[in-house]
Structures are given as C-alpha cells and as structure tokens.
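> 3D, please:
(chains A and B)
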Amino acid sequence: MNFAMTFRIAYRALGRNKMRSGLTMLGIIIGVGAVIAMIAIGSGAKARIQEQIASMGSNLLIVLSGSATSGGFRWGSGSVPTLTVEDAKAIASELSAVKYAAPVLQGVTQVVFGNQNWSTITFASTPEALLIRDWPIARGREITPSDLEGAAKVCLLGQTVVENLFGDLDPVGQVVRVRQFPFTVVGVLSGKGQTTWGQDQDDVVYVPLTTGQRLLFGQQFPGMVRSISVQATGPDTMNLAEDQITQLLRQRHRIRATQDNDFTVRNLTEALSTAEESARVMSLLLGAIASISLLVGGIGIMNIMLVSVTERTREIGIRMAVGARGRDILYQFLIEALVLSLIGGLIGIIIGVGASKLISQFFKWPTLISINALFLSFSFAGGVGIFFGFYPARTAAKLDPIEALRYE
Amino acid sequence: MSELIRVEHLVKTYYLGEVQVPALKGVDLTIQTGEFVAIMGASGSGKSTFMNIIGCLDRPTQGHYYIEGTDISGLSKDQLAQIRNKKIGFVFQSFNLLSRTSALENVELPLFYNGSSARERRQRALEALTNVGLQGREHHFPSQLSGGQQQRVAIARSLVNRPSLILADEPTGNLDTRTSLENMDIFQKLNQAAQITIILVTHEPDIAKYAERHVVFRDGKIIQDTRIKPLQAAEDLARMPATEDEAHP
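Purely as a prediction, here's the structure:
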C-alpha cells in the first residue's frame, strides 16, 4: 500500500463527512491564522522600531553639556554650556572610534513666511550634522562649508515646517524670518517621520553653526555649544567611542579624578534597542498565545479522529479481513489527521495573511508577514496533526479484526 | 487433488476473567483443493471459532493449522494479514461492504493492500464484477444495490485476489430463497470452473445441499463428516417460477 493511495483514501474519507471535517479544520484554521496574524503584528512593530533606529542615524552618540549647580540647586543636562566648538573638533580629529562629530546649538524659534508663522526647533550646526543623521536633502542644496565660514543667512527646512509655512509653494529660494532675521531657504530635508516617542523629526530648521552663534543663540556664552552629535565608526565601536570621548573631554576640561564629569554621553541606539527587544518579546508572546489556539485545534482533531475510529470500527474490520496490516490502518488514520491539519493550515495561512492586511488597513498598525512565519505555522499545524492523530490511529490499528467485524 | 488445509488437534480456549470457555476441543480436518465444504452446527458449536482460525483472523490456543503447507500457528499478525490478502476471500452474512464507496472500489479493496498498480486494480476488479454478473453497476454505491447484488459485490471482492480459498459465513442468511439460489449458483460455478475451494458456514440444510461435503460441529468437536451428491443450483433456479423482476427487467 503506497503513500499516494493512502492519501487518496484519507481524502475521500474526509470528503464523506464534509461538515465534520470542516469544523475540525476550523480549529486549525483559526490557530494558524492567529499565529500568522500575531507574528505579523509583532514583526511589524519590530520593523517600525528598526526603521526609526535607522532614521535617527546609525551608531549615534550625543554629548550633552553638564548640569550646573548653583547654591545646591542642580539644573538639568545642558543647562550650562560646558562644551565648545573646539571640543567637537578634537573629538572628530583625535579619536579613532569616531567618524564624525558636529557641535549643535538649538532653540525654539518662531519662523515667519508671509502671513504664516510657525514655532519650531532650530538647529545650528556644521554640515556633518546631517551626515551623522543620514539625512538627505529632498530639494535644493545642502549647507556648504563656505556658508559656515561666511555665516551666511541660509537655512534648510524640515517637511513639517514647509507644510505649515508654504503649503504647496516651493520654498527653495524664498526668504523666511527666524527671530526677525531674514534667512534664504536653500534646501528642503527629506521626510523622516516620528520617533518612537512620538516626536516629529521633520519639525526642524537647520542653519549654519556660525550664523546661529552670531544671530540666534550663544550670545550669552560665546564659543559654547549645547551638545555634540557623534557618529561612531561602527556598531562595535560605540562603547569604545563613548570611553574615548569621556577621557578626551575630562582631559580637555581639566577634571580631576575625584570630580564628576561636566558632560553626559548618551547612546541613543541603545535606548531604541531596548524598545526593539520589548517588541520582540511582545511578538513572541502574541505568537505563544496564538499557538495555544492551534494546540486546542489539535485536540479537536484528536477528538474527531477518536469518534471516527469508533464509528468506522466495522470498516477497519473489513480492511483487516481483506489483508490490511496494523500499520496500513495506522497510516490511513494518521494521514487523515495530517490532511485535516495541512488543509486547515493552508486555509489558515490565507486567512492569517488576509487578517494581517486588514489590520494594517483599518487600524493603521504596521504588520509584516515573513515567509518563515508561514513555514513555521504550517509545519507546526502538520506536527499538531501527527501528534494528536497518532493516538486515535494507533487505537484503530490495534483493533482485533474479529471484534471489529462484529461491531454494530 | 492436493491438500489445501490440514488442521491437527485444534484447541481454542477463551478466557473470560477467571472462567475458561473451551470453544474448540481438538479438531482434526483435511480439505483438498477444489472441495466445496459446508460447515454446519448450532450456534455455540464452535463453527464460528473454527472459521475465524481457518480465515487467519485468529490463532489457535493449541494444535496446528496448515494452509498450503504453511503452519500459521507461529505467524505474526502482519504475516496473517498477508495470508488473508493472498490466499483467502471472505464473504459475510451482512455483506460488509464499505458504504458510500462504489462497487468497483469495494472490489478493488484487497488489491490496495498488496501493491497492485491502479491499472491492474481496475482491470481485475472489473473482471471480478463481470464474473458475478454485475457489469454495468460498477459505479453504484451499496445502498443503490439490492441485497443479492451487494452479496455478489462481496463475492467479487473475495475473488479479486485469485485466492485458493473462499470462506463464506452464512452468505445467504440475509437473502430470500431465489437470491440465495442465485448466489449458490455463483459459488458452484466458481468451484467447478476455477477449482476454487469453498468453505460455507450455514445452519440451513437447504443451502448445505449444494455442497459436496458436510462437516457438522457440536460442542467444539466434529461429530459428522460426510460426502453427498450435491444439488445443482442452476437446475433448481430453472424450475422456479419467473419473478416479476425477470418478466419485466
């Protein structure tokens, strides 16, 4: 008795009781569908976080000015500028683990164009700042080193600022007022979307560092910057870069061994990795819960197969009388269970993929369907079929032919 | 004539808890190839137990059973299944066809278990159905056939593997007289034309008359073993008045 024939017998046996086979399959369909949809939701969340990590710029470190203490009252990070433009230059040129470093001044400013105005964050920095964040220009040109040298009154606008001030108008070449000073818009940044914590990254204006120092910020502490953005040479050198920056700045700021740092080095990628890890755990959890429904579906198969074996005792007796061996009967019922679970698995895949699409369509929740998840849940369904089909099949195979033939 | 079946001092005892129930108490019997034997006896006489052992569905507690020289007492369950498949055809009182399965597929069933190709299965099943006069009804389900036709499907199924022995257990028990005769006619023809050995279990003396040898069981032993001149079912059929069925087919 070969496999194809056993398969055909199983298929026909299931076809004889369509309603029952369908309901039994439903358990597996829901199980597999749920596993796929849940994994898709989890992977979607994970992918979104990874996208944000990428949008933030890779291997990013931020050095913040230290906190000030006045009369026992401590201010937050960056409250007193302790970092200088020279510090940034030293970090960029002296440290082996650092690719780029950009000094940054920033502040909330009112930007005006025509009769429109918009409050946004203005960053004053060097051209490297955009390289570090891996942030290309959508239209127009970048801020050039000569803009920096000449303290040119030029600016780059983020997408959100463009939308709010210009609407459909092309902003490149127009003049906007930032804190009363006229700036020519030379370029528009490409869209980056929101950060994990919901901050709009496109709500920004970039101006050259020198212009910012002279006109917008820094009059209080000349030569000082609020923070330094740093890009390490690779993901492996993040910790090394952090150590090197700390050492260099302690040395440059002449901080004695007993004193605390007057700056803070932050690893933003690390924070997001934690978010990514929690998304992964969520995805795993959702998958595990969905797997339970698949398991319940398997118990349904076992239940129906046991009923089927009892009902078909006489058929088993007839088959044995005409020469079926125990294992022929075992395979027959095992394959029946397997066919149930695999067809259920296939339909479940279709339903799961459909449900994922619906979820992203209607709830705007990102979903990601991986081929691996499809294979995994399909083979899991097959495994469930074999596991839960085995006991009923063995019961059938062990029947005594004489008693099976006499069974009413 | 060669020896097909030899049974030596066959003993079968059932154990129901503590109680021992002897079903066969030492049976000796030899059946030659081509014989048509009727096994008779009241219920509880041991004839069913004897048939189960002859049919390789059960094994004796003691004694030996040789079929074509093979001692089945020492064979495994799987080996017994193979002997049932190759050497024995079963016909039961209640037909025992698979429901919702066409006549053709019912007849093909034994061939599923010996690795015949699909073409061979189909060809031999059609041949067997033609042999019992059921050509044209291959695709009917058992529920669409009369009792006599169902029993003929069962006979075709028992024939399909070209067995050396057909075991018929009360094959006419559920049939009316005329259909019974028609089926006995088929058995006789198979026996005479193809030299297939037939063992018929029955408690109806009228049916036993078509067999050439009568073996009677009582209390687990053979009490009588006689040869007679059998009646011919075909002649008796010809003498019966035509039924409406036949008058208006």
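> now do the helices in the chain.
Using chain A here. Counting by DSSP state H, chain A has helices at residues A:3-16, A:18-56, A:85-94, A:128-132, A:145-149, A:159-166, A:209-211, A:238-252, A:268-311, A:313-321, A:326-362, A:371-397, A:401-406.
> nope, chain B
Shown for chain B, the helices assigned by DSSP H span residues B:47-54, B:77-87, B:103-112, B:118-131, B:147-159, B:177-194, B:205-208, B:233-239, B:244-247.
> looking at those helices, which is closest to A:L130?
If you check each of the helices of chain B against A:L130 by C-beta to C-beta, helix B:118-131 wins as the nearest, at 71.4 Å. From N, CA and C alone the C-beta is placed, and that goes for glycine too.
> which residue is the nearest non-sequential neighbour of the closest residue to chain A within chain B?
As assessed by C-beta to the nearest C-beta, chain A sits closest to B:N85 within chain B, at 2.4 Å. In space, not counting the residues next to it along the chain, B:N85 is nearest to A:G323; the distance is 2.4 Å by C-beta to C-beta, 6 or more residues apart in numbering or on different chains.
> at the contact with chain A, which residues of chain B appear?
Taking C-beta under 8 Å from any C-beta of the partner chain as the contact definition, chain B meets chain A at B:52, B:55, B:57-58, B:77-78, B:81-82, B:84-86, B:90, B:92, B:96-98, B:100-101, B:109-110, B:112-115, B:157, B:161.
> could you turn the buried ones of these into a PyMOL selection?
For selection in PyMOL, the members of the residues of chain B next to chain A meeting the burial criterion (16 or more other C-beta atoms under 10 Å in any protein chain shown) are listed in this command:
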select buried, chain B and resi 52+55+57+58+81+82+84+85+90+92+96+97+98+101+109+110+112+113+157+161
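> let's have the helices of chain A in TSV, adding mean pLDDT.
Listed next are these as TSV, based on pLDDT from 0 to 100:
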stretch	mean pLDDT
helix A:3-16	80
helix A:18-56	86
helix A:85-94	89
helix A:128-132	87
helix A:145-149	89
helix A:159-166	90
helix A:209-211	89
helix A:238-252	89
helix A:268-311	85
helix A:313-321	94
helix A:326-362	92
helix A:371-397	92
helix A:401-406	90
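> okay, these in CSV with mean neighbour count next?
Written out in CSV, the entries for the helices of chain A read as follows (neighbours: other C-beta atoms under 10 Å in any protein chain shown):
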stretch, mean neighbour count
helix A:3-16, 15
helix A:18-56, 21
helix A:85-94, 18
helix A:128-132, 21
helix A:145-149, 13
helix A:159-166, 20
helix A:209-211, 22
helix A:238-252, 17
helix A:268-311, 17
helix A:313-321, 23
helix A:326-362, 21
helix A:371-397, 19
helix A:401-406, 18
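> adding distance to B:T130, write those helices out as CSV.
Shown next, in CSV, are the helices of chain A (distance: least, C-beta to C-beta, whole Å):
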stretch, distance to B:T130
helix A:3-16, 24
helix A:18-56, 34
helix A:85-94, 97
helix A:128-132, 88
helix A:145-149, 99
helix A:159-166, 84
helix A:209-211, 101
helix A:238-252, 85
helix A:268-311, 33
helix A:313-321, 23
helix A:326-362, 28
helix A:371-397, 34
helix A:401-406, 27
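> compare these and give me the one nearest A:W118.
Of all the helices of chain A, it is helix A:159-166 that lies closest to A:W118, at 4.5 Å by C-beta to C-beta.
> name the helices or strands packed onto that closest one?
Taking 3 or more C-beta pairs under 8 Å, 6 or more residues apart in numbering or on different chains; DSSP states H and E as contact, the helices and strands that helix A:159-166 lies on are strand A:98-113, strand A:116-125, strand A:181-189, strand A:204-208.
> could you dump it to CSV, C-alpha only?
These are the backbone C-alpha positions of helix A:159-166, laid out as CSV (Å, rounded to 0.1, in the frame of the first residue of the first chain):
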residue,chain,number,x,y,z
GLN,A,159,8.9,68.8,5.8
THR,A,160,6.6,69.8,8.6
VAL,A,161,7.8,73.4,8.6
VAL,A,162,7.4,73.5,4.8
GLU,A,163,3.8,72.2,5.0
ASN,A,164,2.9,74.8,7.6
LEU,A,165,4.5,77.8,6.1
PHE,A,166,4.4,77.2,2.4
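> residues in contact with that helix?
A:111-114, A:116-118, A:120, A:138, A:157, A:171, A:174, A:176, A:188-191, A:200, A:202-205 (C-beta atoms under 8 Å, 6 or more residues apart in numbering or on different chains).
> stretch A:283-292 now?
Applying C-beta under 8 Å, 6+ apart, the external contacts of stretch A:283-292 come out as A:31, A:34-35, A:37-39, A:41-43, A:45-46, A:380.
> one more time with 6 Å
Outside stretch A:283-292, the residues within contact range by C-beta atoms under 6 Å, 6 or more residues apart in numbering or on different chains are A:34-35, A:38-39, A:42-43.
> what's the closest of these to A:E311?
Distances from A:E311 to the contacts of stretch A:283-292, taken by C-beta to C-beta, are shortest for A:A34, at 30.1 Å.
> is it true that the closest one touches A:L295?
No. With contact defined as C-beta atoms under 6 Å, A:A34 does not count as touching A:L295 (11.3 Å).
> how near is the residue nearest to B:N85 to A:D236?
In this structure, A:G323 lies at 68 Å from A:D236, with C-beta to C-beta, to the nearest Å as the measure.
> quick one, which of these two is more surrounded?
For A:G323 versus A:D236, neighbours defined as other C-beta atoms under 10 Å in any protein chain shown are more numerous around A:G323 (25 against 10).
> which single residue in the stretch 151-300 of chain A comes nearest to chain B?
Among the residues of the stretch 151-300 of chain A, A:G300 lies closest to chain B, at 23.4 Å counting by C-beta to the nearest C-beta.
> which one is that residue nearest to, not counting chain neighbours?
Of all residues not flanking A:G300 in the chain, A:G27 sits nearest, at 3.9 Å (C-beta to C-beta, 6+ apart).
> so what are the domain limits for chain A?
Chain A breaks down into these domains under automatic domain parsing: A:3-52+A:274-406, A:83-261.
> closest to B:A208 out of those domains?
Shortest distance between B:A208 and those, using C-beta to C-beta, is found for domain A:3-52+A:274-406: 23.1 Å.
> what does the pLDDT read for A:Q219?
Among the per-residue scores, A:Q219 shows a pLDDT of 61.
> how much space separates the residue nearest to A:G300 from A:N164?
Distance check for A:G27 against A:N164: by C-beta to C-beta, it reads 53 Å.
> you'd agree B:T13 is up against B:L24?
No. Using C-beta under 6 Å, B:T13 is not in contact with B:L24; the gap is 8.1 Å.
> so which of the two has more stuff around it?
Between B:T13 and B:L24, counted using other C-beta under 10 Å, B:L24 has the larger neighbour count: 26 against 15.
> ok, now which ones touch the residue of chain A found nearest chain B?
Shortest chain A-to-chain B distance, computed as C-beta to the nearest C-beta: residue-wise this is A:G323, at 2.4 Å. Contacts for A:G323 were tallied using C-beta under 6 Å, 6+ apart; they are B:81, B:84-85, B:110, B:113.
> run through the bridge partners of the closest residue to A:V225 other than its chain neighbours.
Taking C-beta to C-beta, 6+ apart as the measure, A:V225 lies nearest to A:P103, with 4.0 Å between them; neighbours along the chain are not counted. On the basis of DSSP bridges, A:P103 is bridged to A:I228.
> tally of neighbours for A:P103?
Using other C-beta under 10 Å, A:P103 has 28 neighbouring residues.
> that one contacts A:M224, correct?
No. With contacts counted by C-beta under 6 Å, A:P103 stays clear of A:M224, the gap being 9.2 Å.
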